[in-house]
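>>> Only the shape, not the letters, is given here:
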Ligand code: NAD
């Protein structure tokens with residue numbers, strides 16, 4: 001029987017996770033929530049996802065029909081029809097929502113805007129799928145941490161020891177956010193180290209890592225500048241490191257000079273060209289000509305599409321919680337093939 005999945009919060013991440021879940025043969029969307037009638041409800045209607053209210057308040061439920069949308073009920077009614085809820089509410093609402101999910105007896109997947117302490121368990125497909133098998137609740141780590149995990153976990157597995165420093169060059173806002181900035185400044189995150197690097201240790205504590213972050217005026221991607229100290233006798237070369245990254249699922253390695261993809265703008269144009277829905281790129285993009293091993297120090301750049309790299313990870317996290325697929329690579333292959341088939345994309 002297909003896993004019945006509810007999406008609580010149908011915004012930037014929620015609408016993408018709903019789309020990815022709906023593409024899977026072993027899952028179905030039983031409903032998505034909105035706070036009230038708004039343009040975002042239109043997508044749910046077009047996709048045939050039953051629409052529920054984030055609240056059980058009768059007045060708020062009734063407001064949907066006044067706004068021209070059919071609302072199937074409040075959150076409690078949605079949870080009663082679900083096996084797993086994916087919480088895609090704005091960050092820091094998790095504690096209140098977790099209480100509701102536990103009361104309803106529904107397993108829950110949270111997002112990176114929530115702290116690790118909420119569930120005491122975090123998730124990244126390549127890092128710790130097995131540690132999440134059968135759990136009641138987990139948190140898919142943030143877009144940046146997911147990006148770090150995709151390349152640093154295989155590097156750690158090849159070397160068994162890593163000390164990493166990285167600088168996260170962060171997009172100022174998502175394209176749909178009109179109220180955030182900066183629009184003409186570079187803004188250092190004055191919390192050192194930033195939370196990003198240490199967050200990786202919630203899914204792979206063996207990797208020693210610190211990070212700095214700056215926000216820059218762009219809406220389309222993050223870039224990581226990574227400096228990884230490998231143990232002596234690691235046996236890697238620059239070419240071997242490139243091939244290691246190339247062999248990973250959800251990592252794209254391209255030569256910037258040869259492909260003329262030298263900036264994040266061109267990476268995003270490629271995602272649109274190959275037919276990805278919303279112009280998303282679920283993969284982490286590594287510039288081949290930006291990878292260099294000097295002695296025991298590996299330098300590289302990677303780009304992260306902030307709105308979408310976590311999307312397939314949510315699908316894998318659902319399989320981990322239900323215990324329906326114990327092998328992370330098998331889950332990743334199943335998730336990605338189903339999404340590509342549904343989107344008709346490369
Ligand atoms: P968003 O603001 O685009 O969407 C949040 C949605 O939740 C909105 O539709 C909002 O109406 C709805 N909502 C409001 N109150 C709610 C409630 N009480 N219960 C349920 N839903 C409610 O936010 P987002 O960017 O999709 O972020 C969601 C989560 O994903 C956050 O934890 C965020 O940190 C994380 N995340 C975001 C990105 C990104 O780039 N946008 C990347 C990775 C992870």
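Received, thanks. In this text, all values refer to a predicted model and were calculated from it rather than measured experimentally. Numbering: from 1, shown residues only.

>>> Please list the residues outside stretch 85-104 that contact it.
Residues outside stretch 85-104 that contact it (CB atoms under 8 Å, 6 or more residues apart in numbering): 5-11, 13-14, 17, 21, 54, 75-76, 78-80, 82, 106-115, 118-119, 136-137, 139, 314, 318. Just so you know, the C-beta spots here come from the backbone N, C-alpha and C atoms, and that holds for glycine as well.

>>> list the buried ones in that stretch?
With burial defined by 16 or more other CB atoms under 10 Å, the residues of stretch 85-104 counted as buried are 85-89, 93-94, 97-98, 100-101, 104.

>>> Now the protein against the ligand: closest residue?
The ligand sits closest to residue 11 of the chain, with a gap of 1.9 Å, by CB to the nearest ligand atom.

>>> on that earlier part again, could you tell me which of the buried residues of stretch 85-104 belong to helices?
With DSSP state H as the criterion, helices contain 94, 97-98, 100-101, 104 from among the buried residues of stretch 85-104.

>>> Number of residues surrounding the residue of the chain closest to the ligand?
Look at residue 11: counted by other CB atoms under 10 Å, it has 16 neighbours.

>>> The ones in helices among the buried residues of stretch 85-104 into a markdown table, with extra columns for pLDDT?
As requested, these are arranged in a markdown table below (pLDDT from 0 to 100):
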| residue | pLDDT |
| --- | --- |
| 94 | 95 |
| 97 | 98 |
| 98 | 98 |
| 100 | 98 |
| 101 | 98 |
| 104 | 98 |
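
>>> just those residues that are near the ligand?
Checked against the ligand using CB under 6 Å from any ligand atom, those give no members in range.

>>> re the thing from before, among the contacts of stretch 85-104, name the buried ones.
Buried residues within the contacts of stretch 85-104, counting neighbours by 16+ other CB under 10 Å: 5-11, 13-14, 17, 21, 54, 75, 78-79, 82, 106-115, 118-119, 137, 139, 314, 318.

>>> wait, what's in contact with residue 126?
Contacts of residue 126 (CB under 8 Å, 6+ apart): 149-150, 153-154, 248-250, 328, 332.

>>> Which pLDDT does the model give it?
Model confidence at residue 126, given as pLDDT, is 97.

>>> Let me know the secondary structure of it.
helix (DSSP: H, G, I helix; E, B strand; the rest coil).

>>> Tell me the residues on the stretch 201-346 of the chain that lie near the ligand, please.
Taking CB under 6 Å from any ligand atom as the contact definition, the stretch 201-346 of the chain meets the ligand at 306-307, 310.

>>> Mind jotting down where the helices sit in the stretch 51-200 of the chain?
In chain order, the stretch 51-200 of the chain shows helices spanning 58-66, 75-80, 94-104, 125-128, 143-159, 196-200, with DSSP state H, counting those that start in this stretch as the criterion.

>>> So which of the buried ones among the contacts of stretch 85-104 sit within strands?
Within these, residues falling in strands by DSSP state E are 5-8, 107-110, 137, 139.

>>> Quick check: the gap between residue 64 and residue 53.
Plainly put, residue 64 is 7 Å away from residue 53 if you go by CB to CB, to the nearest Å.

>>> Also residue 121?
According to CB to CB, residue 121 and residue 53 sit 29 Å apart.

>>> Next: residue 129.
33 Å.

>>> State the number of residues packed around the spatially closest residue to residue 25 that is not a sequence neighbour.
Distance criterion CB to CB, 6 or more residues apart in numbering; nearest residue to residue 25, sequence neighbours excluded, is residue 338 at 6.5 Å. A count of nearby residues for residue 338, using other CB under 10 Å, gives 20.

>>> Next up, the contacts around residue 338.
Listed by CB under 8 Å, 6+ apart, the contact set of residue 338 reads 23-25.

>>> same check, this time on residue 177
Contact criterion CB under 8 Å, 6+ apart gives residue 219 as the residues in contact with residue 177.

>>> Near the ligand, which residues of the stretch 51-200 of the chain are found?
Applying the criterion CB under 6 Å from any ligand atom, the portion of the stretch 51-200 of the chain that neighbours the ligand consists of 54, 88-91, 93, 111-114, 142-143, 174.

>>> Make CSV out of those and add pLDDT and distance to residue 269.
Conversion of these to CSV gives the following (pLDDT from 0 to 100; distance: CB to CB, whole Å):
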residue, pLDDT, distance to residue 269
54, 98, 35
88, 98, 27
89, 98, 32
90, 95, 29
91, 87, 30
93, 94, 35
111, 98, 27
112, 97, 26
113, 97, 28
114, 97, 33
142, 98, 25
143, 98, 20
174, 95, 18
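
>>> Pick out the most distant pair among those.
Of all pairs drawn from those, the widest gap by CB to CB lies between 54 and 143 and measures 22.9 Å.

>>> returning to what we had before: and the ones in helices among the buried residues of stretch 85-104, which is closest to residue 186?
Distance ranking of those against residue 186, using CB to CB, places residue 94 first at 30.8 Å.

>>> Which strand residues bridge residue 297?
Applying DSSP bridges to residue 297 yields these beta-bridge partners: residue 229, residue 294.
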